[in-house]
Each structure stands twice: as C-alpha cells, then as structure tokens.
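Asks: just to be clear, the model below is a prediction. Sequence and coordinates:
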Amino acid sequence: MKKVLVKTRIIDDLKEKTLLEVIGSFDEEKNILYYQDINVKVCVIIGPKIIIERSNEEYQLSLIFENNMLHKTCYEIFNPKIELELEVNTICLIKKTSSLHTEYVLAMNHETVGEFILDIEWEEQL
C-alpha cells in the first residue's frame, strides 16, 4: 500500500465548504483509498461505481455513485439501533487516475436531504 496525501472538498446546497487534508493509504491492487476524517474511517472503493464507506463507533454509512444512476443504500446508527434507507442520485461522476469528482442528491423517503459536490484528490508521499 502506498502512503498518500488525501485532499477532500465537500460543498453542500448552502454553498458551505468542508475541506480536509490528511495522510492516508492507497491499495493499488484493489484500487481502494483509505483515510481518516476526524473520528471517521473512510474507505473509497474505485471501480465502475464509486463506493464510499464511512464508519465509526456510532454509525456506518455507504454511498454508491454511478453516473446518472440512483442507488439505494443504508445509514446504520448503532445506539439506538436504527437503519435508514437513503437514495443517492449521481448527477455527475468524473474519475481520473488520482482524483474523483461527483455531484449528487441525497434523499430519504423520496424527500431531498441535500445536494452535494464532492472532490477527492490523492498523491503519493515519499
């Protein structure tokens, strides 16, 4: 696994930006990016679809991105035990060798929760 510098930027529908820059790792064989977002473990599985798994001791969330596709996914809260079905509607997905860009709408029960833009970039650290 390669040690990488990961930079993320999330913009919500209120145009508020959340920026993160951390050291993570990239498994070239499996095409998976791993990093820590404050107290949340993040795993980005890069394939025909992008799957982002976020988890800590309180919850687990999976988001699936595929160009112009709607995917149902699960947001699991551990205590109290609650499972919420989410819908991820990918408006745009651009994958490059060491970056990805997606614009998506998150919904629950067919009601929009928010619209987001997510950019993730990574570069090898020597």
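Replies: Here it is on my side, so go on. Bear in mind the structure is a predicted one, so any value in this text is a computation, not a measurement. Numbers count the residues shown, from 1 in each chain.

Asks: give me the distance between the residue nearest to Ile46 when sequence neighbours are not counted and Ile51.
Replies: Counting by Cβ to Cβ, 6 or more residues apart in numbering, Asn31 is the residue found nearest to Ile46 once chain neighbours are left out, at 4.5 Å. For the C-beta atoms, the positions are set from N, CA and C on the backbone; glycine is no exception. Counting by Cβ to Cβ, to the nearest Å, the separation of Asn31 from Ile51 is 11 Å.

Asks: cool, and Leu14?
Replies: 26 Å.

Asks: comparing these two, which residue is more hemmed in?
Replies: Ile51 (17 against 7; other Cβ atoms under 10 Å).

Asks: element containing the more buried one, please.
Replies: strand 50-55 (DSSP states H and E).

Asks: so what strands line up beside that strand?
Replies: Under the criterion DSSP bridges, strand 50-55 sits next to strand 40-46 (antiparallel), strand 59-65 (antiparallel) in its sheet.

Asks: how many other residues sit next to Val44?
Replies: So Val44, with other Cβ under 10 Å, has 23 neighbours.

Asks: surely it meets Ile32?
Replies: Yes: with contact defined as Cβ atoms under 8 Å, Val44 counts as touching Ile32 (6.8 Å).

Asks: averaged pLDDT, the strand holding Ile51. What do you get?
Replies: On average, the pLDDT along strand 50-55 is 97.

Asks: can you mark which positions in it are buried?
Replies: Across strand 50-55, burial judged by 16 or more other Cβ atoms under 10 Å covers 50-54.

Asks: what does stretch 104-111 give?
Replies: Neighbour-count burial for stretch 104-111 [16+ other Cβ under 10 Å]: 104-107.

Asks: likewise stretch 118-125?
Replies: 118-122.

Asks: from Tyr34, how far off is the residue nearest to Asp27 when sequence neighbours are not counted?
Replies: Excluding the flanking residues, the one nearest Asp27 by Cβ to Cβ, 6+ apart is Met1, at 5.0 Å. Met1 sits 8 Å away from Tyr34, going by Cβ to Cβ.
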